[in-house]
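>>> Would you be able to build a 3D model of this:
(one chain, ligands or ions: 1)
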Amino acid sequence: MPAIAAHDVTDRLAELARFTGRGAGVTRLVYDEAWCAAHRWLASEARAMGLAATADWAGNLYLHDPAVKPGHAAPPVLMVGSHLDSVKHGGRLDGAYGTIAGLLVAHASRGMAGLPVVGFVSSEEEGSRFHGGMMGARSMLGMVDERELDTVADREGITWRDALEDARARGCAAALPRAPFAPLFRPAIELELHIEQGPVLEAEGLALAIVDRIAGYRHWTAWIEGEARHAGTTPMRLRHDALAAAGEMILAAEHAAGEAGEPAVATVGFARPSPGLFNVVPGTCELWLECRHVRGDDLEALADAVTRRWREVAQRRGVRLGLEEGPGQPPTALSAALADAATDLAREMRLAHRRMASGAGHDTTVFAQAGVPTLMAFVPSRAGVSHSPDEATDDDHLVTGVQFLAALTRRLAEHTPR
Ligand SMILES: [Zn+2]
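This next block holds a predicted model:
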């Protein structure tokens, strides 16, 4: 297996970061100019290394030995990669790091015995242009319904279908096949290397996390209805202030998550009081609530605790509370067997490591929910910063992560029968 050198990783990450829209950090929204340029660059990089670069209809890229042909006759493969898109003004590592790792590991694994290794670059994970929900990974696994092409649209009203046509014209997606959309490769194992996006590894002085769970979340939109009254003439004791009630609810969510203990988190990320004037007691307020946890029962208990307290606040203050739950995601367990194999390897390589649950969702969530044995590994994020231009990881950690992934891939591919 050819060794992966430090500059193989760091030079390519620097190159990939050049493909970005205007402003600070990296902005690569799926199918936009910068995204397409990055897609083409990755494909040409793979070809220069002797790999085939195959795009599918959704703009996912597969980097593989030319001898391994895509299509339904293809053998099961070990897939390793991450996503190419970013948030607006995000960092240079989220997603990008895992795609470069996928490229290098696919190259290093060429001609190895056992499962063929395919690097993947998923087209869309962040949801920053379309709210289709992990459209990249879902399309890789044949989990897209043709109707979504017309129902999923961005802010400007451009549908997924139209955006794809545009991407095809620029050479960043293959022709749309006849539905149902079959996958090009069948993953027997999926691995994703990512930055932690949190502060734990750095705080504990560790080089690596083996991620065996991905947190689930539940979302609610809440409507609080009080009474809009003159703010000068309505005594405090006679008010039903919707925004004051909202304030108490926000703090109640914070307390409930604090009492549940880590890794429980609850967040109110949006509040809109109305009518929003100096001289009117707020009559209504809209809130967006999110609860996350890594275990299903605990997520349930957290959600119950928060919503029970909110109802108590509403009752005491004489305001009405409407709660509407939106789409959520259950907590997802990754493969325990792969996590054990990765832990053994980390020990053998003398890497300071720990097990960890991911608070954020990833492409891997989709693979795991589709029944594919999956595993993620994290490297430290400096100060835990992510989804920001300040996102950074020490070069040593970046290189170690890819070398670990390459060794793990080799071990798993060799020990899994074709
Ligand atoms: Zn990511």
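
>>> Residues of the stretch 1-150 of the chain that sit close to the ion?
Asp94, Gly95 (CB under 5 Å from the ion). Where you see a C-beta, it was placed from the backbone N, CA and C, and this is true even at glycine.

>>> all helices of the stretch 1-150 of the chain, in order?
6-16, 33-48, 96-108, 135-140, 148-151 (DSSP state H, counting those that start in this stretch).

>>> ok, so what distance separates the residue nearest the centre of the chain from the ion?
In the chain, the residue lying closest to the centroid (CA atoms, centre = their mean) is His362, at 3.1 Å. Distance from His362 to the ion, counting by CB to the ion, to the nearest Å: 6 Å.

>>> Next up, phi/psi of that residue, please.
Here is the backbone geometry of His362 (degrees, to the nearest 10): phi -150, psi 170.

>>> was I right about it contacting Ile214?
Yes - the pair His362 and Ile214 passes the contact test of CB atoms under 8 Å, sitting 6.4 Å apart.

>>> intersection of neighbour lists for these two?
Met376 (CB atoms under 8 Å, 6 or more residues apart in numbering).

>>> what's the neighbour count on whichever residue of the stretch 201-350 of the chain sits closest to the ion?
Nearest residue of the stretch 201-350 of the chain to the ion, counting by CB to the ion: Ile214, 11.7 Å away. By the criterion of other CB atoms under 10 Å, Ile214 has 24 neighbours.

>>> cool, Glu204 as well?
Residues near Glu204, counting by other CB under 10 Å, number 12.

>>> Leaving out chain neighbours, which residue sits closest to it?
Using CB to CB, 6 or more residues apart in numbering and skipping residues adjacent in sequence, the residue nearest Glu204 is Arg354, 6.9 Å away.

>>> Ok, Pro327 next?
Leaving aside its sequence neighbours, Pro327 sits nearest to His219 (CB to CB, 6+ apart; 7.0 Å).

>>> again, but for Leu149
Arg161 (4.0 Å).

>>> can you list contacts of the one helix or strand the one you found maps to?
In this assignment (DSSP states H and E), Arg161 forms part of helix 160-169. With contact meaning CB under 8 Å, 6+ apart, helix 160-169 is reached by 30-31, 36, 57-59, 129-130, 132, 135, 148-150, 152-154, 173-176.

>>> Of those residues, keep whichever come out buried.
Neighbour-count burial within the contacts of helix 160-169 applies to 30-31, 36, 57-59, 129-130, 132, 135, 148-149, 152-154, 173-174, 176; the criterion is 16 or more other CB atoms under 10 Å.

>>> Pro282 reaches Ala228, doesn't it?
Yes - because the distance of 6.9 Å satisfies CB under 8 Å, Pro282 is recorded as touching Ala228.

>>> hang on, the earlier thing: let me know the secondary structure of the residue nearest to Glu204.
Classification of Arg354 by DSSP: H, G, I helix; E, B strand; the rest coil places it in strand.

>>> quick one: contacts for it?
For Arg354, the contacting residues are Leu201, Glu204, Leu206, Ala209, Ile210, by CB under 8 Å, 6+ apart.

>>> quick one, what contacts the first one?
Spelled out, it's Leu201. With contacts taken as CB under 8 Å, 6+ apart, Leu201 has the following neighbours: Ala207, Leu208, Ala209, Arg354, Met356, Phe378, Val379, Pro380, Ser381.

>>> So the fifth one is in contact with Ala377, correct?
Spelled out, that is Met356. No - Met356 is not in contact with Ala377 according to CB under 8 Å; the separation is 9.4 Å.

>>> which residues do those two both contact?
Residues touching both Met356 and Ala377 comprise Ala209, Ile210, Val211, with contact defined as CB under 8 Å, 6+ apart.
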